[in-house]
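Undergrad: got a structure for you, letters missing:
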């Protein structure tokens with residue numbers, strides 16, 4: 001697919017059974033590479049908090065930080081559909097807050113849609129944002145912004161009652177006008193049943209192959225992060241290791257004097273060099289000449 005992707009194209013992918021590819025990006029070069037690679041949705045998520053800004057988890061990131069990162073990623077996104085997250089505190093308090101902050105992401109960062117986490121009371125927030133004319137992607141299952149209340153970072157919907165609640169939340173978000181829903185960290189068969197019940201696409205992350213599409217975090221899929229990764233993460237490259245190798249090689253060549261070599265330097269003619277050296281010879285220039 002080479003044409004600009006919008007909501008109708010995403011709906012067509014769901015209808016035709018063609019998987020949707022979504023990836024996070026938090027800056028211009030990352031978004032540009034994802035766009036050029038043919039990704040369908042480029043998404044600046046609040047996962048920038050721990051993957052880019054060094055926070056322990058997603059909760060501390062502010063709206064100002066989200067706007068700055070999303071604005072940079074938007075400049076690199078041309079063909080893909082571009083979305084941004086509403087972070088914790090930007091929409092939970094009231095519908096008015098939700099709409100105001102969603103408008104910021106559209107006006108200031110160029111987002112074509114926003115994502116919000118949660119079902120239940122958050123359905124009202126989704127409905128209010130949609131009513132304001134801004135497309136919304138929902139997010140249920142493991143919702144990192146409220147992971148503490150869910151018992152930590154673990155799979156959701158593993159009992160019949162909890163799976164039923166996820167199913168009900170998905171239907172409610174669809175009814176509120178969401179154009180798609182992220183299903184995170186839930187049993188694959190539960191996610192498949194939810195996907196089958198919805199008219200709108202589902203985007204899975206740790207929710208099995210039965211979703212309408214899949215999303216991974218940039219730093220996870222490219223091997224930039226270190227330490228243990230969630231069960232659902234697959235590393236498709238080892239960019240972190242290769243980056244470290246390049247930096248170590250650079251440091252070694254600087255220290256042993258092999259970089260920069262002759263081919264890395266600029267030239268001056270002997271005539272101009274002689275003139276330059278005559279002009280800086282002792283006694284020709286005094287300190288006041290530099291002021």
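TA: It's in. Note that the structure is predicted; figures quoted are calculated from it, not measured.
Undergrad: Beyond the lengthiest helix in the chain, next helix or strand please.
TA: Ranked by residue count and defined by DSSP state H, the top helix of the chain is helix 239-256. Once the chain leaves helix 239-256, the next helix or strand it forms, by DSSP states H and E, is helix 270-279.
Undergrad: Off-centre distance for that following helix?
TA: The chain centroid and the centroid of helix 270-279 are separated by 53 Å, computed with C-alpha atoms, centre = their mean, to the nearest Å.
Undergrad: go on, stretch 181-193?
TA: Distance of stretch 181-193 from the chain centroid (C-alpha atoms, centre = their mean) equals 20 Å.
Undergrad: follow-up on the earlier one: for the longest helix of the chain, the distance to its chain's centre please.
TA: On C-alpha atoms, centre = their mean, the centre of helix 239-256 falls 27 Å from the chain's centre.
Undergrad: Now do that helix: everything it contacts.
TA: 222, 223, 224, 225, 226, 259 (C-beta atoms under 8 Å, 6 or more residues apart in numbering). Placement of C-beta: from N, CA and C, glycine included.
Undergrad: tell me the average confidence for it?
TA: What helix 239-256 shows for mean pLDDT is 97.
Undergrad: if we can go back for a sec, which of the contacts of helix 239-256 lies closest to residue 89?
TA: Taking C-beta to C-beta as the measure, residue 89 sits nearest to residue 225 out of the contacts of helix 239-256, at 25.0 Å.
Undergrad: count of neighbours near the closest one?
TA: Under the neighbour criterion other C-beta atoms under 10 Å, residue 225 is assigned a count of 17.
Undergrad: now swap in residue 259 and tell me
TA: Residue 259: 13 surrounding residues under other C-beta under 10 Å.
Undergrad: and if you look at the one 10 residues further on?
TA: In terms of burial, residue 269 registers 8 neighbours under the definition other C-beta under 10 Å.
Undergrad: Strands of this structure, residue ranges please.
TA: In chain order, the chain shows strands spanning 20-24, 41-44, 81-85, 113-115, 136-141, 180-184, 202-205, 213-216, with DSSP state E as the criterion.
Undergrad: Farthest-apart pair in the contacts of helix 239-256, please.
TA: Greatest spacing in these, by C-beta to C-beta: 225 and 259 (29.0 Å).
Undergrad: Please name the bridge partners of residue 184.
TA: As for beta bridges, residue 184 partners with residue 141, residue 205 under DSSP bridges.
Undergrad: Thought residue 66 was touching residue 105, still the case?
TA: Yes - checked against C-beta atoms under 8 Å, the pair residue 105 and residue 66 is within contact range at 7.0 Å.
Undergrad: Between the two, which contacts overlap?
TA: The contact sets of residue 105 and residue 66 overlap at 84, 86 (C-beta under 8 Å, 6+ apart).
Undergrad: picking that back up, of all the contacts of helix 239-256, which comes closest to residue 96?
TA: For the contacts of helix 239-256, the residue nearest residue 96 by C-beta to C-beta is residue 225; the value is 36.4 Å.
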